[in-house]
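J.: the sequence isn't on hand, but the structure is:
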């Protein structure tokens, strides 16, 4: 069932109530045993608070996008926010821009940039410029910011992200995002030109190439950050907001820019999340009265999974578990705990495996599950549901949906 | 989510790797206990090899088309090959034609024919002409082959299948498949005329009726095969190939023509499957290097289910089980064992019941299941998935999909 049809139904049924919903995301929480028959990260973690909650909650699993599809952070979160990630495909440039709180306009085209190292022949020697410090990234980005192209008809805005990464935004009229990237995905060869992928993108491609030529001059003496690669050209996606679709006053409490950016796309208010889970709890308490839906994001379960560090991922899960009593003390009407995808330490990468889900409310079916892990969830009351179904389930458990039809 | 959108995603994510995938189909494997509380065919079968594999695999169930829908062989297999059988409905005539290696052209219209027995009044006395021998089928088909109609503007090609069944192909210009069948589904009444179901099919209907009139004369002295019934008028369906959608070099190892035909529709290379499972293993070994996806089809589980012979179906399952070590010896990266639908001996027919699935790879979640049967599968890690989701899951487990989105 596609979003336009379901959104129309949700919009009609949604009602505002004082009930509060918390979506607690452990990024990449789903896992695999390191050896066949062993325990996953979540199964191995000591999670007394989540285990106790599991016994009085509905458990299940969620498929972030489609069976077999390994999602990036963008599709993984869009699904959790109720958007079908197949229907709403957001380019990396736009994600990166909103993720650093850049005020992207609908007519802008954003790209994700990498500083790279060029050798004497102009070939790419290091696609990440030796991972420079954030300070270098900031200094070199400033050198490029404000370059005008197309006889001053368009402006190039450059913002540092971290290490070798920056965001480039082309601001002008009649621009198109239908452009191919310049990263050759190899060293010893030059960067590619920006190529239009559609006739309407010819002018935009020329403007980006003009930027690249000017940028090269400004970077000439800045080795190892003396070149740049552009990827993920994208305009700002116009998504229906959660306020509009579900009648919510939603808030996001995320430490990492990317996840704040995704929440902003969904129309959430961005609260000051500080630097860690303690700060995020403070933000949750401070925002409790003003909002009715809270997206809390913990990044490091994913990071440690990507490192392949099983034990460190376990430790991150345990940190989140320790926070659960504080959340419950606020008496949310609905608490849903899951991830945006699996990141098994065994694979050192995101994966397609379904993600454990715990849904707690005082109107959910329960089954006295002995804990919160992949095995319990695979056999849970909720069954296996697509991520886009979770927010509607939260709405129902919070009493925020009217009956459909007479 | 409909195929055009998901196929676009799969096409973007698919990558070619050396990994090998085997789809082992026991046709109609899903079953029912003959008496309440008893064992199904699969549960009753002694399957030591599949049971051992189940303990280190993900189990689940698959719904071939939709819950409650009993599929024919066509929709059952199209789902397994990743095509949504609701979106891709292939007529029986086209299936039958490709199943006998007939080179059907896009402009042809094919029909499935039955020889029948007409009585002195011209009424149908036996809809299957007493199930004649294959030799009679061949001789009588040859009598009808090459009849010209429409003042030689179109040609009728007739090929024997087996017993009372043949394929009729009308070859000409501007033909339409929108025709109603001539089988009255009863005896003691005449065969129906071919009726157009759309204005553009009026001429085609007249051409088929002209064929029927000429055929009647040629069959007049051929009782009991002195009449014919036409069903399943269909043109050749143009499906996106598995090579195109999933970047595969797929091969089919099927003894029965119908399943080779279905595999051909999906763009698979047809390997010489010989006459039995031993020949099929030989074909698998011979084709192992040149292909990366193998569809192995065993028909007789379905045949014995349709016979209502529980024990004989059990024996067929055990034959396939005995072949499993030989397949594993080739070290496939992914082995998926399931059926295209259920054929419970108790019902003597195809049924809508979900079909057991076993998915084995070294990156699947496992649960030490004590065996491979309906009960274990109903509570398995995979949950209940639609058949169209299985090939994407195999792709993921084989490492043949890139990450979706950033």
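T.: Happy to help now that I have it. A quick note: this is a predicted structure, and the numbers were derived from the prediction, not measured.
J.: so which strand or helix has the residue in chain A that chain B sits nearest to?
T.: At 3.1 Å from chain B, residue A:68 is the closest residue in chain A, using CB to the nearest CB. C-beta: built from backbone N, CA, C; applies to glycine. If you go by DSSP states H and E, residue A:68 is not part of any helix or strand.
J.: what is the burial count for it?
T.: 24 (other CB atoms under 10 Å in any protein chain shown).
J.: the residue nearest to it when sequence neighbours are not counted is in what secondary structure piece?
T.: Counting by CB to CB, 6 or more residues apart in numbering or on different chains, residue A:68 lies nearest to residue B:392, which is 3.1 Å off, once chain neighbours are set aside. Assigned by DSSP H and E, residue B:392 belongs to helix B:390-397.
J.: which outside residues touch that helix?
T.: Under the criterion CB atoms under 8 Å, 6 or more residues apart in numbering or on different chains, residues A:66-70, A:351-352, B:10, B:14, B:21, B:23, B:62, B:80-82, B:242, B:246, B:293, B:333-334, B:336, B:338, B:357, B:359, B:361, B:363-364, B:382, B:385, B:401 lie in contact with helix B:390-397.
J.: now do the buried residues in the top helix by length along chain A.
T.: The longest helix of chain A (DSSP state H) is helix A:310-329. By neighbour count with 16 or more other CB atoms under 10 Å in any protein chain shown, helix A:310-329 contains the buried residues A:310, A:312-318, A:320-321, A:323-324, A:326-327.
J.: so after the lowest-mean-pLDDT helix or strand in chain A, what's the next helix or strand?
T.: Lowest on mean pLDDT, DSSP states H and E among the helices and strands of chain A sits helix A:92-99, with a mean of 87. Of the helices and strands lying after helix A:92-99 in sequence (DSSP H and E), the nearest is strand A:109-118.
J.: helices or strands next to that next one in the packing?
T.: Secondary structure elements in contact with strand A:109-118, counted by 3 or more CB pairs under 8 Å, 6 or more residues apart in numbering or on different chains; DSSP states H and E, are helix A:92-99, strand A:124-126, strand A:165-171, strand A:227-234.
J.: and the angle for it with strand A:165-171?
T.: Strand A:109-118 and strand A:165-171 are oriented at 130 degrees to each other (axes from the mean of the first three to the mean of the last three CA atoms, to 10 degrees).
J.: outside of stretch A:156-168, which residues touch it?
T.: A:93, A:96-97, A:99-100, A:102, A:110-116, A:128-129, A:131-134, A:137-138, A:140-142, A:144-149, A:169-171, A:211, A:225, A:228, A:230, A:257.
J.: first-to-last residue distance for it?
T.: End-to-end span of stretch A:156-168 (CA to CA, to the nearest Å): 7 Å.
J.: enumerate every residue touching residue A:200.
T.: Listed by CB under 8 Å, 6+ apart, the contact set of residue A:200 reads A:176, A:178.
J.: that one should be in a helix, yeah?
T.: Yes. Assessed with DSSP: H, G, I helix; E, B strand; the rest coil, residue A:200 lies in a helix.
J.: could you check how far it is from residue A:235?
T.: The gap separating residue A:200 from residue A:235 is 12 Å, by CB to CB, to the nearest Å.
J.: ok, back up a step: the buried residues of helix A:310-329 into CSV, with extra columns for pLDDT and distance to residue B:277?
T.: Formatted as CSV, these follow (pLDDT from 0 to 100; distance: CB to CB, whole Å):
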residue, pLDDT, distance to residue B:277
A:310, 98, 42
A:312, 98, 48
A:313, 98, 44
A:314, 98, 46
A:315, 98, 51
A:316, 98, 49
A:317, 98, 47
A:318, 98, 51
A:320, 98, 51
A:321, 98, 51
A:323, 98, 56
A:324, 98, 54
A:326, 98, 61
A:327, 98, 57
